[in-house]
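**Q** Okay, sequence plus prediction incoming.
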Amino acid sequence: LLYFAGNGKPRAFHGLDHAYIFTNGYSSNLHIEPFTKRDQQMAKMFTTFITNFVKYGEPTPTEWNGFKWTPFTNESAEYAILDLPPKKAFGSLHWPVTNFWNKETVLLEKLSLREKTLAAYRRAWWALWLLVGMIALAIWISVIFIVATRCHSPRAKPYNNIIVNR
């Protein structure tokens, strides 16, 4: 699932990392199949880096398989290429081709499970309204029950101690 930039080098597209961080190949709009051993290693690397960043404030407090991720600064312009194995690179962080997003959109359309996603949203929408309807029905039944039981209680009887003389 790679986009090939104008220079022929493969690049990952936006959001692809979710399939490696949160699940074994599933993302909100695509599924990586098969989820290979290399994909599992990439998922382990991502989750390790994220966990370390949350715990220690840096992705690699100690070297990870010989790799130490140092912060990007304007002076060094050093950044990480997250591949297996991860590497350091220097220079511009921007894509070499501005046409990237146009090509990515076409790729995402092919990989998108749009119809399945829309069907899932529709099912969730109908389930929500069914739940709202059931709650409203339960409230109305409760109100009717309360009113009916109050009408049959001895306190609800009309006053029989009032004498009206005509």
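**A** It's in. Numbering: from 1, shown residues only.
**Q** Please count neighbours and contacts with C-alpha atoms only from this point.
**A** Noted.
**Q** What are the boundaries of the strands in this protein?
**A** 3-4, 10-11, 78-81, 87-90 (DSSP state E).
**Q** ranking the ones you listed by mean pLDDT, which is last?
**A** Note on these: lowest mean pLDDT is at strand 3-4, with a mean of 50.
**Q** Now for the chain, the helix or strand with the poorest mean pLDDT.
**A** The helix or strand of the chain with the lowest confidence, counting by mean pLDDT, DSSP states H and E, is strand 3-4 at a mean of 50.
**Q** Might you list the low-confidence residue ranges for the protein?
**A** 1-15, 23-32, 92-105, 107-117, 152-162 (pLDDT under 70).
**Q** any idea how it splits into domains?
**A** 3-112, 114-166 (automatic domain parsing).
**Q** what about the longest helix in this structure?
**A** Using DSSP state H, we find that the single longest helix of the chain is helix 114-151.
**Q** Could you check how many residues crowd around Tyr148?
**A** Not Tyr; residue 148 is Ala. Neighbour count of Ala148, defined by other Cα atoms under 10 Å: 11.
**Q** show me the contacts for it.
**A** Under the criterion of Cα atoms under 8 Å, 6 or more residues apart in numbering, Ala148 has no contact partners.
**Q** ok, it to Ile141 distance?
**A** 10 Å (Cα to Cα, to the nearest Å).
**Q** Over to Arg150?
**A** For Arg150 relative to Ile141 (Cα to Cα), the value is 14 Å.
**Q** same deal with Arg123?
**A** 27 Å.
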